[in-house]
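1. Kindly return the folded structure for what I paste below:
(one chain, ligands or ions: 1)
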Amino acid sequence: MPAGIIRSYLEVRNLSFAYGNQAVLRDVGFTLQPGELLGMLGPNGAGKSTLFRCILGLEKNHTGQVLLDGTGIETRSPTVLAKQIAYVPQTHYPSFNYAALDMVLMGTAAQGREWALPRTAQRQAAEEALEQVGISHLRQRSFRQLSGGEQQLVLIARALAQKATLLIMDEPTANLDYGNQIRVLFQVKTLSRNGYGIILSTHNPDHAFLFTDRVVALHNTRIAAAGPPAEVLTPELIALLYGVQVLIRQDEQGVLSCTPVLPTAASS
Ligand code: ADP
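-> Predicted structure coming up:
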């Protein structure tokens, strides 16, 4: 992590939110320390994206609190908040074909400057961010011609160029092939080891086992379980969240993995 950056501590406290009279989140609370990688699990529609929108200050009609370093996010201007917490979207195709470096420079717009005329400091921040995720060599390549995994790393670099130290990632491995999933998650893990606090949503228990420090599982608007994945991700929890039976195994190195138990084929 570049020098002089303050590492932030996040606390979500008693957060509840409803769309009209449909409750989506009830009494949700957890913390995220600097350097921690937290996996957010839960079936489609469980409220993960809504929770992220509340944490990013985009959804204001919630009860409870989102605290950064002990004070509510509503006390900060959007520009100040963007320097602390950044959203990393899934890979997408922008309508214009920017070079990787330019995509990252757009993240520095959060620092209140016109990205079209980047100052030296902003250019340096963008170069550093590319370096941090190991893709400096792609700086002049056009975003659209990069692989899905490389695009995802560019989007992560863009968040880093904001100078944010808390990153929120909505399924960063969706749409990626197996190799790119592992490469992206490995980079994400490395960032967390370097002091970034990271929340990512995932549907893959094996990714949670391999990469996360803690998980929070959302089910029926509430936190169904929270804690280290090895303690929390049980066959019972997976059945509750996703409605499938699984076996959880441990290899000789102690690595846990999850295998679905398929129903036996009906005999004719
Ligand atoms: P997840 O990210 O876990 O899939 P979401 O936060 O997107 O879940 O959605 C949670 C619930 O809120 C779902 O039932 C969804 O249909 C509903 N929802 C999401 N966005 C809106 C919206 N803008 N208006 C009304 N309901 C919404």
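2. State the helix or strand in which the residue of the stretch 51-200 of the chain found nearest the ligand lies.
-> Residue nearest to the ligand within the stretch 51-200 of the chain: Leu51 (6.8 Å; Cβ to the nearest ligand atom). For glycine as for every other residue, the C-beta is placed from the backbone atoms N, C-alpha and C. For Leu51, the host element (DSSP states H and E) is helix 48-55.
3. In the helix or strand just after that helix, which residues are buried?
-> Counting by DSSP H and E, the next helix or strand C-terminal to helix 48-55 is strand 63-68. Going by neighbour count (16 or more other Cβ atoms under 10 Å), the buried part of strand 63-68 is Gly64, Gln65, Val66, Leu68.
4. Output the set of residues of the stretch 1-150 of the chain in proximity to the ligand.
-> Residues of the stretch 1-150 of the chain lying near the ligand by Cβ under 6 Å from any ligand atom: Tyr19, Val24, Gly42, Asn44, Gly45, Ala46, Gly47, Lys48, Ser49, Thr50.
5. just these now: which is nearest Val232?
-> Nearest to Val232 out of those is Gly42 (Cβ to Cβ; 12.7 Å).
6. so who does the closest residue in space to Lys48 that isn't next to it in sequence touch?
-> Of all residues not flanking Lys48 in the chain, Ser201 sits nearest, at 4.5 Å (Cβ to Cβ, 6 or more residues apart in numbering). Residues counted as contacts of Ser201 (Cβ atoms under 8 Å, 6 or more residues apart in numbering) are Gly39, Met40, Leu41, Gly42, Lys48, Ser49, Phe52, Met169, Asp170, Glu171.
7. Correct me if wrong: the residue of the stretch 51-200 of the chain closest to the ligand contacts Met40.
-> Yes - in terms of Cβ atoms under 8 Å, Leu51 counts as a neighbour of Met40; the distance is 7.2 Å.
8. Find the residues that touch each one of those two.
-> Leu218.
9. before we move on, the earlier item: any idea of the angle the helix holding Leu51 forms with strand 63-68?
-> If you take axes from the mean of the first three to the mean of the last three Cα atoms, to 10 degrees, helix 48-55 sits at 70 degrees to strand 63-68.
10. who does helix 48-55 touch, helix- and strand-wise?
-> strand 10-19, strand 22-32, strand 197-201 (3 or more Cβ pairs under 8 Å, 6 or more residues apart in numbering; DSSP states H and E).
11. can you give me the strands in the protein?
-> In the chain, strands defined by DSSP state E lie at 10-19, 22-32, 37-41, 63-68, 71-72, 85-88, 166-169, 197-201, 214-219, 222-227, 246-250, 256-260, listed in chain order.
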